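Asker: quick one: sequence and predicted model below, then my questions.
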Amino acid sequence: MHRPRIKYEHLPVRHGEDLVQIGGSLPGVAARIPDPDGTVWALLTLLDGTRTVDQVVADLVHRHPDEPPDTVYTAIDTLASAGYLENADEPPPEALSEAQRERFGRGRALWRWMDTIPRTTGWHAQLALRQARVTVVGVGGIGSTAALALVQSGVGRLHLVEPDLVELSNLNRQILYTEHDLGRPKVDVAVEVLRRHNGEVEVTGEQATVDGVGMLRRMATRCDVLLMAADTPHEIRSWTNRACLDTGTAWVHGGYHGPRAGVGLFVPGNGPCYDCARTAAAREQLAAPPPTSWPDTSGTSGTHAVNAVSAGIAGHLAGHAVMSLITGIPRLRANRQIGYNLMTLQHSTFYESAEPEPDCPACGPSAA
Ligand SMILES: [Zn+2]
């Protein structure tokens with residue numbers, strides 16, 4: 001880093017005269033640094049991009065003669081490794097046009113804000129996204145929202161898979177479709193609309209029904225991240241899990257269950273898989289008294305309880321998870337499932353484990 005500068009998104013604040021806060025206030029990026037003699041604040045003021053690292057150290061030691069130069073170099077390294085610094089001399093990336101830099105400037109600021117890793121360019125996330133290939137299976141409530149977020153964010157290639165036609169009951173949440181589209185294949189409309197949002201993204205689609213692991217395996221080999229946004233048939237997430245375990249493809253699912261909007265993200269070989277969660281849940285169920293379900297006599301068992309908010313939140317969480325797997329920003333822990341409760345606006349982890357389940361039928365020894 002030639003001329004280090006504190007990232008604008010991480011500008012520090014001094015509290016009184018002995019505490020410095022950098023990186024805002026959110027857990028995950030903010031840090032509070034004790035500063036009893038004012039050295040930290042003095043160092044931060046020197047990191048304004050006008051000096052080389054050696055000049056920063058020399059200036060600080062000049063002002064604080066008791067400070068060993070090695071300590072100052074280490075402090076700068078620590079700030080850099082936490083992602084708080086950028087190189088003021090960084091040239092604009094040749095791979096992005098001026099128009100692209102204008103389009104994605106606000107997104108760049110957010111990526112930089114969430115980034116806790118030093119990068120050679122502040123455009124790291126954008127460059128990673130434009131190289132990425134994502135397949136979205138299911139372009140309903142969740143898939144529509146996620147696909148739009150991915151296209152607006154500048155993912156390189158997006159492939160959509162969806163068998164259905166646009167129906168009136170879709171229009172309370174599926175943001176890619178309007179009353180003009182009733183009766184048309186969703187995938188055709190989705191491709192058209194998404195191309196209009198960002199003509200530089202290669203958007204493709206196929207009107208197809210997922211029929212098993214083999215079909216998903218073929219899809220998974222052709223993308224960097226697969227988003228499973230379909231909820232039927234019941235086994236579709238386990239099929240995806242097995243396909244992505246076979247191909248080593250990272251994958252995400254988004255979903256809702258009434259007022260709980262959830263997301264799961266998985267990186268094969270990096271911890272428990274989706275079916276580990278089901279294995280753990282089945283074991284817990286066996287240990288508990290047997291439940292008796294209320295018989296469904298309403299005749300509405302097939303009706304989804306969902307609106308634009310619950311589907312949209314799940315879709316945006318899924319889009320966020322996909323982009324975090326592509327860019328590494330933020331560094332979300334994978335191989336777990338999180339739900340947000342619209343009744344309390346709090347989240348809960350509904351599956352998280354450090355280790356795979358030894359008797360998991362998908363990734364355990366019996367799977368081979
Ligand atoms: Zn497993």
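Answerer: Great, that's in hand.

Asker: V151: what's it in contact with?
Answerer: By Cβ atoms under 8 Å, 6 or more residues apart in numbering, the contact set of V151 is 158, 194, 197-198, 201, 203. No exception for glycine: its C-beta is placed from N, CA and C like everyone else's.

Asker: how much space between the residue lying closest to P118 once chain neighbours are set aside and L47?
Answerer: Of all residues not flanking P118 in the chain, A80 sits nearest, at 5.1 Å (Cβ to Cβ, 6 or more residues apart in numbering). The gap separating A80 from L47 is 10 Å, by Cβ to Cβ, to the nearest Å.

Asker: hey, what's in contact with both of the two?
Answerer: Joint contacts of A80 and L47 (Cβ under 8 Å, 6+ apart) are P4.

Asker: neighbour count winner among these two?
Answerer: Between A80 and L47, counted using other Cβ atoms under 10 Å, L47 has the larger neighbour count: 25 against 18.

Asker: how about the residues of the stretch 201-350 of the chain that lie near the ion?
Answerer: 273, 275-276 (Cβ under 5 Å from the ion).

Asker: distance from stretch 208-216 to the middle of the chain?
Answerer: In terms of Cα atoms, centre = their mean, to the nearest Å, the centre of stretch 208-216 is found 25 Å from the chain centre.

Asker: apologies, that question was intended for stretch 50-59.
Answerer: Here stretch 50-59 shows a centroid-to-chain-centroid distance of 37 Å under the convention Cα atoms, centre = their mean.

Asker: what pLDDT is listed against the residue of the chain most remote from its centre?
Answerer: Residue farthest from the centre of the chain, counting by Cα atoms, centre = their mean, is P65 at 45.5 Å. Taken from the predicted model, the pLDDT recorded for P65 is 94.

Asker: buried stuff in the one helix or strand Y340 maps to?
Answerer: According to DSSP states H and E, Y340 maps onto strand 336-341. By neighbour count with 16 or more other Cβ atoms under 10 Å, strand 336-341 contains the buried residues 336-340.

Asker: same check on stretch 85-101?
Answerer: 85-88, 90, 93, 96, 100.

Asker: and what of stretch 179-186?
Answerer: Going by neighbour count (16+ other Cβ under 10 Å), the buried part of stretch 179-186 is 181, 185-186.

Asker: other residues contacting it?
Answerer: Contacts of stretch 179-186 (Cβ under 8 Å, 6+ apart): 139-140, 162, 164-168, 170-171, 174, 176-177, 189, 207.

Asker: rerun at 7 Å
Answerer: Contacts with stretch 179-186, where a contact means Cβ atoms under 7 Å, 6 or more residues apart in numbering, come from 139, 162, 164-168, 171, 177, 189, 207.

Asker: and it, C-alpha only, in PDB?
Answerer: Taking Å, rounded to 0.1, in the frame of the first residue of the first chain, the C-alpha atoms of stretch 179-186 are listed here in PDB:
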ATOM      1  CA  GLU A 179     -51.100  -7.800 -15.200                       C
ATOM      2  CA  HIS A 180     -50.000  -7.600 -18.800                       C
ATOM      3  CA  ASP A 181     -48.000 -10.800 -18.400                       C
ATOM      4  CA  LEU A 182     -50.800 -13.100 -17.200                       C
ATOM      5  CA  GLY A 183     -50.600 -16.400 -19.000                       C
ATOM      6  CA  ARG A 184     -47.100 -15.900 -20.400                       C
ATOM      7  CA  PRO A 185     -44.200 -18.200 -19.300                       C
ATOM      8  CA  LYS A 186     -42.600 -16.600 -16.300                       C
END
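
Asker: just the pLDDT for S348.
Answerer: The per-residue pLDDT reported for S348 equals 81.

Asker: just to be sure, it is in a helix?
Answerer: No: S348: not assigned to a helix; according to DSSP: H, G, I helix; E, B strand; the rest coil it is strand.

Asker: tell me, how many residues neighbour it?
Answerer: Neighbour number of S348 under other Cβ under 10 Å is 12.

Asker: cool, the one 10 residues further on as well?
Answerer: Using other Cβ under 10 Å, P358 is surrounded by 11 other residues.

Asker: the one 4 residues further on too?
Answerer: By other Cβ under 10 Å, the residues close to A362 number 21.

Asker: next: the one 3 residues further on.
Answerer: Applying other Cβ under 10 Å, we find 8 other residues in the vicinity of P365.

Asker: how about it, nearest residue that isn't a chain neighbour?
Answerer: P358 (7.2 Å).

Asker: what's the answer for G107, then?
Answerer: Going by Cβ to Cβ, 6+ apart, G107 has S153 as its nearest residue, at 6.1 Å.

Asker: might one say that the one you found is in contact with R130?
Answerer: No: using Cβ atoms under 7 Å as the test, S153 is too far from R130 to be in contact (9.8 Å).

Asker: the more surrounded of the two?
Answerer: When S153 and R130 are compared for neighbours, S153 comes out ahead with 23 against 19, by other Cβ under 10 Å.

Asker: so can I have JSON lines of the buried residues of stretch 179-186 showing secondary structure, pLDDT and distance to the ion?
Answerer: Shown next, in JSON lines, are the buried residues of stretch 179-186 (DSSP: H, G, I helix; E, B strand; the rest coil; pLDDT from 0 to 100; distance: Cβ to the ion, whole Å):
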{"residue": "D181", "secondary structure": "helix", "pLDDT": "98", "distance to the ion": "39"}
{"residue": "P185", "secondary structure": "strand", "pLDDT": "98", "distance to the ion": "35"}
{"residue": "K186", "secondary structure": "helix", "pLDDT": "98", "distance to the ion": "32"}
